[in-house]
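Enquirer: What follows is a predicted structure for the sequence shown.
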Amino acid sequence: MPIIKIPTPLRPHTEGRRELELEGKTAGEVLDALCALYPVFREHFYEENGELRKFVNIILDESHIKDLQGLDTPLAEGDTLRILASISGG
Amino acid sequence: MLTIPQKLLDEIHRYLEEAYPEEGVGFLFGLEGNETSVKAQHPVPNAWQPEVERVRRYDVAPQDIMEADDKAEEMELSIIGAYHSHPDHPNQPSDTDRERAHPFFIYFITSVENGKAVSTRAWRLLEDRSKFIEEEIEIMETDWFNLGD
């Protein structure tokens, strides 16, 4: 199963877990599995139209999934998705 | 109450003075489960676009976030927060800071006036994102626990 790594500021929502193994053949399916387990993530990740929020960075092997096939990016057994907490302000 | 060794705060201030008149930014590392003690700091470039707005905005490139996360893990630490400067402005969170901040993170904001870091305050966003709460910073003179670079 693919692995998803959770950044520090989101770990309070996963009972402190740093990474989870989740079912899914695409990045979108793994994110959906995470949201099913912890529904609070849905508002973190998605706009109302179902698109990923601009400041949510989902990385596969150092590539942003938006530069791959977006939520349809296929995942192989053991692939690791990484969520990066954006750091930005003024 | 947050603690930080004087040495680390001096490093942060030097870096933010070098970044002046632009905003400087970096990460705070600490032990997971004890997010009240800063053990290391890690400066990163301000990647805000357009560049001309870096005097009042900051952003960190995804690659630099990943590298910081890797470095923290190598040190057996975690990213517990971030710091940035407000050049020639008070060290209070702006509306932009509040819109883009994460609850559970520590945010250090340093006021840099005429190129000199004058003071740093620590803030934490409430979980409902309504406002920042200030946290007191205790500066540790003796750095027994800093793991160093």
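Expert: Happy to help now that I have it.

Enquirer: in chain B, which spans are strands?
Expert: B:2-5, B:25-31, B:34-44, B:58-59, B:78-87, B:106-113, B:116-125, B:132-135, B:137-140 (DSSP state E).

Enquirer: For the longest one, what does the pLDDT average out to?
Expert: Predicted confidence along strand B:34-44 averages 92 (mean pLDDT).

Enquirer: any residues touching that strand, and which ones?
Expert: Contact with strand B:34-44 is made by B:1-5, B:8, B:11-12, B:15, B:24-31, B:60-61, B:64-65, B:67-68, B:71-72, B:75, B:77, B:80-81, B:83, B:104, B:106, B:145-149, as judged by C-beta atoms under 8 Å, 6 or more residues apart in numbering or on different chains. All C-beta atoms are positioned from the backbone trio N, CA, C, and that covers glycine.

Enquirer: now swap in stretch B:116-129 and tell me
Expert: By C-beta under 8 Å, 6+ apart, stretch B:116-129 touches B:2, B:9, B:12-14, B:16-17, B:83, B:85, B:91-93, B:98, B:101-112, B:131-137.

Enquirer: Which members of these are classed as buried?
Expert: Among the contacts of stretch B:116-129, those classed as buried by 16 or more other C-beta atoms under 10 Å in any protein chain shown are B:2, B:9, B:12-13, B:16-17, B:83, B:85, B:91, B:93, B:98, B:101-102, B:104-112, B:132, B:135, B:137.

Enquirer: from those residues, which are also near chain A?
Expert: B:93, B:101-102, B:104-105, B:107 (C-beta under 8 Å from any C-beta of the partner chain).

Enquirer: Next up, the contacts around residue A:17.
Expert: Listed by C-beta under 8 Å, 6+ apart, the contact set of residue A:17 reads A:6, A:11.
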